[in-house]
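mind folding the following:
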Amino acid sequence: MAFESRATMKSNNSLSAGSLLFALLCLVQTACSSTTPSISHVHVGHAITGAHDTPSKEGYFVLAELRAEEALRLAESAAAANQSSSQIADRLTLVNKEVNLRNDYALAAALKEAASHIAFAADSDDASENVKRSSRAFTEAIEGVVSRTNLINLYAQDARISTSEAEAEQLANEVLKLSRANLNGQDIDGDGFIGNQTKEYGIRQLRRDLDALVTREDPAYATVDKWYLFNLIRLPSGDWLFRRKGSSGSSSY
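Presented below is the predicted three-dimensional model:
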């Protein structure tokens, strides 16, 4: 009888362990299903976390930050002393490439794409009022940077045809000012604060506003898993859904 009792106890313990494992699996599955992000949050993630078509799969705004930093470094090189007009022109061409001409998202293109995805987020059926308000503000706020990128393009072209070192130096200094403003913002009204008006905005101020958007979200925003970021598709109807594994069709966003 003692042997049978031990066997029964062993069986009961195995059953309990199996039941516990089953319960844990159910909890994990439930948790996984509950972590599917909203369509709106996936679009926000495309701006700040990752996108399928950027060079290192970074978010569009993250890439814009990198481009603005590199453009400023190159602009400082262009404005350095003791250079010929042709040397200055060559370096301003590199600045312009970083800002406007790269095939893999220059600053202007990356920033506009980030704004587009924040707009996609706002247009989603599950978008919060916070995202809707923030999208409109963000679209307006990028205009200062976009306007400066247009000026950099013009100044770089002017430097290319200039034969005057004095003129080339002046153009380089203007591009340097614009590049600094694109990254750090610009106190246009002289009140000691950058950001009272959207035309003062640079990438730093835009980042601040995106961080505030995320902080205000309710339910709270959580970093979106890359599978969801790279497998959101848009149907011909305009509806968004996640691609099933192994399927093909509409392009990812």
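
which residues of this protein score low on pLDDT?
By pLDDT under 70, the weakly predicted segments of the chain are 1-34, 245-253.

just the strands in it please.
Along the chain, the stretches classed as strands by DSSP state E are 232-234, 240-242.

just list what the first one packs against, helices and strands only.
With contacts defined as 3 or more Cβ pairs under 8 Å, 6 or more residues apart in numbering; DSSP states H and E, the secondary structure elements packing on strand 232-234 are helix 39-48, strand 240-242. Where you see a C-beta, it was placed from the backbone N, CA and C, and this is true even at glycine.

pick the most buried one from the strands of the chain.
Mean neighbour counts were compared across those using mean count of other Cβ atoms under 10 Å; the top stretch is strand 232-234, at a mean of 18.

from the chain's centroid, how far away is that strand?
Between the mean C-alpha location of strand 232-234 and the chain-wide mean there is a distance of 18 Å, by Cα atoms, centre = their mean, to the nearest Å.

go on, stretch 174-194?
Counting by Cα atoms, centre = their mean, stretch 174-194 is centred 22 Å from the centre of its parent chain.

and for stretch 126-140?
In terms of Cα atoms, centre = their mean, the centre of stretch 126-140 is found 15 Å from the chain centre.

which of the residues in it are buried?
Applying a neighbour-count criterion of 16 or more other Cβ atoms under 10 Å, one finds A127, S128, N130, V131, S134, S135, F138, T139 buried in stretch 126-140.

same check on stretch 104-121?
Of the residues in stretch 104-121, those buried by neighbour count under the rule 16+ other Cβ under 10 Å are 105-121.

so where do the helices sit in the stretch 1-150 of the chain?
Using DSSP state H, counting those that start in this stretch, the helices of the stretch 1-150 of the chain run over residues 2-34, 39-48, 60-78, 85-96, 107-123, 129-141, 143-161.

list of residues touching stretch 178-187?
Counting by Cβ atoms under 8 Å, 6 or more residues apart in numbering, the neighbours of stretch 178-187 from elsewhere in the structure are 68-69, 71-72, 74-75, 95, 99, 107, 144-145, 148-149, 151-152, 155, 193-195, 200-205.

so who does I203 touch?
A64, E65, A68, L111, V145, N182, L183, N184.

that one and V62, how far apart?
I203 sits 10 Å away from V62, taking Cβ to Cβ, to the nearest Å as the criterion.

got a list of what the closest residue in space to T149 that isn't next to it in sequence touches?
Once its chain neighbours are removed from consideration, T149 has its nearest residue in A108; the separation is 4.3 Å (Cβ to Cβ, 6 or more residues apart in numbering). Under the criterion of Cβ under 8 Å, 6+ apart, the neighbours of A108 are V99, N100, V145, V146, T149.
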